[in-house]
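J.: return atomic coordinates for the entry below.
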Amino acid sequence: MTVTITAEPPRQTEVLRLLEMSDAYMASLYPAESNHMLDIRSLEKPGVNFFVARHDGRIVGCCALVEAGDGTAEIKRMFVDPEARGLSIGRLLMETIEALGRERGVSAIRLETGISQPEALGLYRRFGYGEIGPFGDYRPDPLSLFMEKRL
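T.: Numbers count the residues shown, from 1 in each chain. Sure thing, here's the model as predicted:
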């Protein structure tokens, strides 16, 4: 069983399937105004680094690192297929994103996540992300947590 993480274009059938699964999952947890997900066109813009996790060749996870233009970057669209959970794919995606951030000289990586996702929160905390206030265009939301890790 081999897991690989590579930079790939987001517009692929299997990635679109993952993004749809992610959208449905988030819609089951939060109202629309509390979901802050990038669409496929936004994931294809300059300054967005999109990564795909493959398990034995099959796409089972994805995430993006979006450079903010102020020396920071944000994790977006982190998602692992429920059938592939337990294979450390989230950890491998985080390691890849942080390595890219360091390579690019990013001072901090930030993220917004929901309060009803204990597995995601646990992953981010294990990687040393701490809570901060809203950043960028985000507004305070009782269903959101904002986190940051200085690199």
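
J.: quick check: closest non-adjacent residue to the most centrally placed residue in the chain.
T.: Within the chain, one residue has its C-alpha closest to the average C-alpha position: by C-alpha atoms, centre = their mean, that is Met78, at 2.7 Å. Nearest residue to Met78 in three dimensions, chain neighbours excluded: Cys63, at 4.1 Å (C-beta to C-beta, 6 or more residues apart in numbering). Backbone N, C-alpha and C define where each C-beta goes, glycine included.

J.: that older thread, pretty sure the residue nearest to the centre of the chain is in a helix, no?
T.: No - with DSSP: H, G, I helix; E, B strand; the rest coil as the criterion, Met78 is located in strand rather than a helix.

J.: separation between it and Thr113?
T.: According to C-beta to C-beta, to the nearest Å, Met78 stands 8 Å off from Thr113.

J.: what number of residues are in the vicinity of the nearest residue to Ala53 once chain neighbours are set aside?
T.: Beyond its immediate neighbours in the sequence, the residue positioned closest to Ala53 (C-beta to C-beta, 6+ apart) is Gly61, lying 3.4 Å away. Around Gly61 there are 24 other residues, counting by other C-beta atoms under 10 Å.
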